[in-house]
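using only what follows, build the 3D model:
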Amino acid sequence: MDRSRPPVAAWPPLASLSRGLLSLLLALVVAVGLPGCVTTGLPIAAASPWQAVPLDTKSNPLDVAFTDRQHGFLVGSNRLIMETDDGGASWEERSLALPEEDNFRLISLDFNGKEGWIVGQPGLLLHSTDGGANWNRLFLDTKLPGEPYLITALGGDTAELATNVGAIYRTKDGGKSWQALVGDAAGAVRDLRRGPDGRYVSVSSLGNFFATWEPGQADWSVHPRVSSQRLQSMGFQPDGNLWLVARGAQLRFNAEPGNVEAWGPAIIPITNGYGYLDLAWDPQGNLWTGGGSGTLLTSQDGGATWSKDPVGAQQPTNFTRLAMLPDGKAFVLGERGSLLRWVG
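Just a heads-up that it's a prediction; the model follows:
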């Protein structure tokens with residue numbers, strides 16, 4: 001029996017297949033191979049609620065907070081601190097009295113009225129009682145587990161400090177002393193968020209599990225990831241349940257209220273080769289996600305359908321954070337001095 005392959009000439013040349021047919025076949029393969037809601041193309045929204053704000057910096061904005069409706073600060077890499085007096089429409093760079101040889105990364109900022117806090121890396125904690133006109137450096141214990149990662153201003157000289165290994169501390173005397181709230185740290189984290197009710201969720205540095213903590217618990221509760229895709233970030237929905245962003249451009253939401261291990265199917269708004277880094281709800285209740293190469297997508301129906309934001313798509317940056325503030329202001333923070341402001 002002749003088991004040799006037929007001559008190459010016996011097969012139709014690849015060029016004889018139309019480009020349209022090849023594209024259709026590839027789209028079908030991608031759609032079948034990925035779970036959940038998947039599309040390879042999205043419409044561009046007719047209008048955008050975002051306005052690009054020019055910043056005279058190439059540093060990366062990392063956090064933003066306000067003392068009132070108009071006045072606030074933005075912080076970021078390379079000691080970046082900027083101030084606004086018009087609700088974020090324009091920003092002026094400021095400076096901090098810090099050692100010139102230390103290139104601090106100002107990673108988290110929060111205000112409660114005129115009392116403000118900034119934490120940075122390495123080992124930086126700043127406190128203000130006059131709306132940010134003056135900042136006092138408070139020196140942290142050298143035995144602090146990990147580096148400062150997240151600060152929450154609670155008012156009346158009270159704040160919570162979380163580190164990048166999941167240690168959580170509270171001060172009630174303006175930072176003179178701190179009380180540990182968690183017995184054991186969660187381990188190195190890539191993302192850590194605090195809900196309005198004082199609960200925390202963290203994603204491990206490798207993205208292979210997540211952990212939750214709520215006031216009164218002695219230690220973190222550890223949970224396995226929901227799929228083979230590594231976790232990127234997690235946070236709290238407006239109703240208090242969890243959301244997650246995973247590698248492979250996957251979004252998921254708690255399927256059962258209060259059950260942090262029950263998740264709905266993966267939602268993949270678009271397969272454009274770029275992952276998502278954050279997810280949030282805007283002041284009107286619409287869903288947004290942002291990520292690599294100007295990817296900024298929105299859904300007005302809870303994630304069933306999506307569209308591209310036209311202003312976001314024009315930005316040559318990776319969007320790293322969606323900052324939706326309690327008073328209705330909102331910002332999209334990107335790399336290399338990129339900032340979008342919510343104008344509705």
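
so where is this structure shaky, pLDDT-wise?
1-40, 271 (pLDDT under 70).

now the helices for it?
19-33, 310-313 (DSSP state H).

enumerate the beta-bridge partners assigned to N112.
Counting by DSSP bridges, N112 is bridged to E115.

close enough to count as contact, it and G155?
Yes. Counting by CB atoms under 8 Å, G155 is a contact partner of N112 at 3.9 Å. Bear in mind the C-beta positions are built from the backbone N, C-alpha and C, glycine included.

between those two, point out the one with more neighbours.
N112 (16 against 11; other CB atoms under 10 Å).

pull the contacting residues for the more buried one.
153-155 (CB atoms under 8 Å, 6 or more residues apart in numbering).

and the gap between it and P265?
39 Å (CB to CB, to the nearest Å).

cool, and A188?
Taking CB to CB, one finds A188 at 30 Å from P265.

please apply the same query to P49.
In terms of CB to CB, P49 sits 28 Å off from P265.

who has more neighbours, the two?
Higher neighbour count among P49 and P265: P49, with 19 against 12, using other CB under 10 Å.

which residue, other than its chain neighbours, is closest to the more buried one?
Nearest residue to P49, sequence neighbours excluded (CB to CB, 6 or more residues apart in numbering): G344, at 5.3 Å.

tell me who's in contact with the one you found.
With CB under 8 Å, 6+ apart, G344 has these contacts: 49, 283-284.

what about the strands in the stretch 51-200 of the chain?
Here the stretch 51-200 of the chain has its strands, by DSSP state E, counting those that start in this stretch, at 61-66, 72-76, 81-84, 92-93, 105-112, 115-121, 124-128, 136-137, 148-155, 158-163, 168-171, 179-180, 189-194, 200-204.

can you list contacts of the fourth one?
Counting by CB under 8 Å, 6+ apart, the neighbours of strand 92-93 from elsewhere in the structure are 56-57, 80-84.

what strands flank that strand, and is each parallel or antiparallel?
Strand pairing (DSSP bridges) places strand 92-93 next to strand 81-84 (antiparallel).

run the chain-centre distance for the strand it pairs with.
20 Å (CA atoms, centre = their mean, to the nearest Å).

also stretch 126-140?
With CA atoms, centre = their mean, you get 25 Å for stretch 126-140.

buried set for that stretch?
126-128, 131-132, 135, 140 (16 or more other CB atoms under 10 Å).

likewise for stretch 218-227?
Across stretch 218-227, burial judged by 16+ other CB under 10 Å covers 220, 225-227.

state the distance from H127 to W263.
In terms of CB to CB, H127 sits 39 Å off from W263.

one step back: and the two most separated of the buried residues of stretch 126-140?
Greatest spatial distance in the buried residues of stretch 126-140: G131 and L140, 23.4 Å, computed using CB to CB.

what about D239, neighbour count?
Residues near D239, counting by other CB under 10 Å, number 7.

hmm, back to that, export the buried residues of stretch 218-227 as a markdown table, with columns for distance to G183.
Listed next are these as a markdown table, based on distance: CB to CB, whole Å:
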| residue | distance to G183 |
| --- | --- |
| W220 | 9 |
| R225 | 24 |
| V226 | 27 |
| S227 | 30 |
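
between those, which is nearest L333?
With CB to CB as the yardstick, the closest approach to L333 among the buried residues of stretch 218-227 comes from R225, at 25.6 Å.

quick one on the thing from earlier: ChimeraX command to pick out the buried ones of the contacts of strand 92-93?
To isolate the buried members of these in ChimeraX, using 16+ other CB under 10 Å:
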select :57,80,81,82,83,84
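
out of the contacts of strand 92-93, which is nearest to L181?
For the contacts of strand 92-93, the nearest to L181 is I81 (28.1 Å; CB to CB).

quick check: beta-bridge partners of the closest one?
V75.

as JSON lines, the buried residues of stretch 126-140 with distance to L279 would be great.
As requested, those are exported to JSON lines (distance: CB to CB, whole Å):
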{"residue": "L126", "distance to L279": "29"}
{"residue": "H127", "distance to L279": "31"}
{"residue": "S128", "distance to L279": "30"}
{"residue": "G131", "distance to L279": "31"}
{"residue": "G132", "distance to L279": "29"}
{"residue": "W135", "distance to L279": "31"}
{"residue": "L140", "distance to L279": "31"}
